[in-house]
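Participant: 3D model of this:
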Amino acid sequence: MKAVRATIRLFLSLVAGAGLALLAERLGLRRGTAVLLGSLVAITPTLFLLVVPRAAHVAFERGDLRRAVLWYRVLSLFVIERQARGGIRISLAACRLAAEEYEAALGALAAVDPHALDVAGLSTWHNNRAYARARAGRLSELDEALVDVDEAIRLRPDVAGFRHTRGVVLLGMGRTDEAIRELDEVWQARATDEIDALLEAERCLDLGVAWLKKGETDYGRDYLARAARMAPAGHWIRRRALASENVPAAST
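Facilitator: Numbers count the residues shown, from 1 in each chain. Okay, here's the model as predicted:
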């Protein structure tokens, strides 16, 4: 479906460019100038829809959330398809999650029509909503969060990050042993879905918190130290790992 839409968009751009070139030539412009003008009109939308999403993604990966949000908002001004607009809103919500603005992320996700999303978008929507509820500490909504993340995993069982979210939800529910098993599954899944450094740092943070809750101080602090080493300076994972290292472990 995406390929069909892209083909239609390209065809319409070419038609518009050719029409403008003919009009410009009739208005007295030289043929070469008219063709150049028409070509620019034809390729500009396609280039825009290739360059801007990439720029937004690169900014997000680098942690430049303000620039990522700016690019996504610019992109939203030129996209009218419901599915694509839903994807942009999910990306904006992801920027909120990365900034620890969990309530704002939930608000952004609430504005998305899940029925307009493809499988990749829908699974991400379910996962991000579950993650935001768990990180926001919405204890009364954790049962719903578990349903959300289970649906995300059903749709995309190959995504290791979804298993991590399930571990976060279980940890919030007080099901610590299950959370540890789930977070270990993230590591086992790396053979099919390589884990990036930031996800691994967050996994170590959550495992550290889980082991401290069980009273296993050495395990817990070892994982927290790993998380602090792996996370970039100033990142919330690093700050939380360092702070958690100083929290007394639960008594056994």
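
Participant: helices of this structure, residue ranges please.
Facilitator: Assigned by DSSP state H, the chain shows helices spanning 2-26, 31-61, 65-76, 82-98, 102-110, 119-135, 142-155, 160-172, 176-188, 197-213, 217-230, 236-245.

Participant: just name the most buried of those.
Facilitator: For these, the stretch with the most neighbours on average is helix 160-172, a mean of 24; neighbours defined as mean count of other Cβ atoms under 10 Å. For every residue, glycine as well, the C-beta is placed using N, CA and C.

Participant: by mean pLDDT, flag the weakest helix or strand of this protein.
Facilitator: When each helix and strand of the chain is scored by mean pLDDT, DSSP states H and E, helix 2-26 comes last, with a mean of 45.

Participant: show me where pLDDT drops low in this protein?
Facilitator: Counting by pLDDT under 70, the chain contains low-confidence residues at 1-50, 80, 189-195, 245-252.

Participant: residue nearest the centroid of it?
Facilitator: Closest residue to the average C-alpha location of the chain: Ala94 at 4.4 Å, with Cα atoms, centre = their mean.

Participant: shouldn't it be in contact with Arg129?
Facilitator: No. Counting by Cβ atoms under 8 Å, Ala94 does not reach Arg129; the two are 11.4 Å apart.

Participant: report the set of residues contacting both of the two.
Facilitator: With contacts taken as Cβ atoms under 8 Å, 6 or more residues apart in numbering, Ala94 and Arg129 have no neighbour in common.

Participant: residues contacting the nearest residue to Leu106 once chain neighbours are set aside?
Facilitator: Distances taken as Cβ to Cβ, 6 or more residues apart in numbering place Ala132 nearest to Leu106, at 4.9 Å, with adjacent residues excluded. The neighbourhood of Ala132, defined by Cβ under 8 Å, 6+ apart, consists of Ala93, Leu97, Tyr102, Glu103, Ala105, Leu106, Leu109.

Participant: show me how this structure divides into domains.
Facilitator: For the chain, the structural domains run 71-81+89-195, 197-252, going by automatic domain parsing.

Participant: what count of nearby residues applies to the nearest residue to His235 once chain neighbours are set aside?
Facilitator: In space, and not counting its chain neighbours, His235 is closest to Gly63: 7.4 Å by Cβ to Cβ, 6+ apart. Neighbourhood size, Gly63 [other Cβ atoms under 10 Å]: 14.

Participant: correct me, but Gly63 touches Trp236?
Facilitator: No. Proximity of Gly63 to Trp236 does not meet the contact threshold set by Cβ under 8 Å, at 10.6 Å.

Participant: returning to that earlier point: OK, contacts around the residue nearest to His235?
Facilitator: Applying Cβ under 8 Å, 6+ apart, one finds that Gly63 lies in contact with Ala98, Pro232, His235.

Participant: pipe the residues you listed into CSV and attach distance to Pro53 per row.
Facilitator: As requested, those are arranged in CSV below (distance: Cβ to Cβ, whole Å):
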residue, distance to Pro53
Ala98, 17
Pro232, 24
His235, 24
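
Participant: between those, which is nearest Cys204?
Facilitator: Minimum distance to Cys204 across the contacts of Gly63 is 12.9 Å, recorded for His235 (Cβ to Cβ).

Participant: what's in contact with stretch 77-90?
Facilitator: Residues outside stretch 77-90 that contact it (Cβ under 8 Å, 6+ apart) are 5, 45, 48-49, 72, 75-76, 108-109, 111-114, 116-118, 121, 124-125, 128.

Participant: try 10 Å
Facilitator: Where contact means Cβ atoms under 10 Å, 6 or more residues apart in numbering, the residues beyond stretch 77-90 that reach it are 1-2, 5, 9, 45, 48-49, 52-53, 56, 71-73, 75-76, 105, 108-118, 120-122, 124-125, 127-129.

Participant: cool, stretch 139-150 as well?
Facilitator: Contacts with stretch 139-150, where a contact means Cβ under 10 Å, 6+ apart, come from 106, 123, 125-136, 138, 162-175, 182.
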